[in-house]
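Trainee: Have a look; sequence and predicted model below, questions after that.
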Amino acid sequence: MHPDVHSDIQQMLLAEGLLSERELWLADWLRPERLLRLREVLMRRTSYIAVAMEAVDDGHNQAAILRSAEAFGVQHVAVIEGKQPFHPSKGVTQGAHKWLTLQRMPDIGRAIDALHARGFQVYATDLGEGAQPIDAVDLARPTAILFGNEKDGVSPEARERADGRFYIPMAGFVQSFNVSVAAAIALYELTRRARETVGDRYALGADERHKLYVTWCLRSLHGATREEARRRLESSGFALEEELFDEDNTGFSESE
């Protein structure tokens, strides 16, 4: 690509606030095509819909939910561990974790408190009495979708404290989907509806876009180059997110 094109991309990133002057050097470390791809995906990201996983124990299911969240543009995922640790299968995530903002929470009570403090209403997936079909979920406010354990579903505390509960209507003999399948269906339906109905509130704010773009640029680098970029960003005062998984995938299940 011609140097003038690279310069034009840098100026566009500056004008849009995705990079500041003190971070512009990052654009020299990545191919123009990569810079544009990161921007393209970022512009479709949302913090209006979020995901929470309570005691989802199977590594395949953990990974599949992360992958669905990333695929549908949902940025924030809260994790409340159950009997098994949060070790998503790296063969299933396909790198989706790199582009998400993941946060471990110590228990469901504090997770719901934290989501409420950030302005989210919490809707839990549930088949119990009083649950509504998914198309009745009110998306007038930012919404976190809570998925529960493969066998037991969400906990009694989650049922009691959630702002609403919903299920996915089915026409067959079986009563429920696998949790990762339910997550994919719910995320497709709720992100589609929110995107169509809430207008500009669906998109990320300018500050979050900037922080994510810089973070994604860093996560697009590898090895010593990535570590040098990390040091430069930290020395400039940029607040990097803590990563649950390192570049070598430590923390992942080896199961495929």
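Mentor: Nice, thanks for sending it over.
Trainee: for this protein, longest helix please?
Mentor: Criterion DSSP state H: the longest helix present in the chain is helix 179-197.
Trainee: Distance from that one to the middle of the chain?
Mentor: For helix 179-197, the separation from the chain centroid amounts to 13 Å (computed by C-alpha atoms, centre = their mean, to the nearest Å).
Trainee: Report all helices and strands that that helix contacts.
Mentor: strand 49-54, helix 59-71, strand 121-125, strand 143-147 (3 or more C-beta pairs under 8 Å, 6 or more residues apart in numbering; DSSP states H and E). The way it works is simple: take the backbone N, C-alpha and C, and place the C-beta from them, glycine included.
Trainee: next structured bit after the longest one?
Mentor: This means helix 59-71. Using DSSP states H and E, the next helix or strand after helix 59-71 towards the C-terminus is strand 76-80.
Trainee: Determine how far that following strand lies from the middle of the whole chain.
Mentor: Mean-position distance between strand 76-80 and its chain equals 8 Å (C-alpha atoms, centre = their mean).
Trainee: Tell me how many other residues crowd the nearest residue to Arg195 once chain neighbours are set aside.
Mentor: Spatially, and ignoring its direct neighbours in sequence, Arg195 is nearest to Tyr202 (5.3 Å; C-beta to C-beta, 6 or more residues apart in numbering). For Tyr202, the count of nearby residues is 20 (other C-beta atoms under 10 Å).
Trainee: could we number from 855 for the rest of this?
Mentor: Sure, I'll start counting at 855 from here, so that last one is Tyr1056.
Trainee: okay, which residue is most central for this structure?
Mentor: Gln929 (3.0 Å; C-alpha atoms, centre = their mean).
Trainee: which ones are touching that one?
Mentor: 899-901, 904, 954-955, 1058, 1062, 1066 (C-beta atoms under 8 Å, 6 or more residues apart in numbering).
Trainee: farthest pair in these?
Mentor: Spanning the widest gap among these are Ala904 and Leu1066, at 14.3 Å by C-beta to C-beta.
Trainee: Below-threshold pLDDT in the stretch 1005-1110 of the chain: ranges please.
Mentor: Applying pLDDT under 70 to the stretch 1005-1110 of the chain flags residues 1098-1110.
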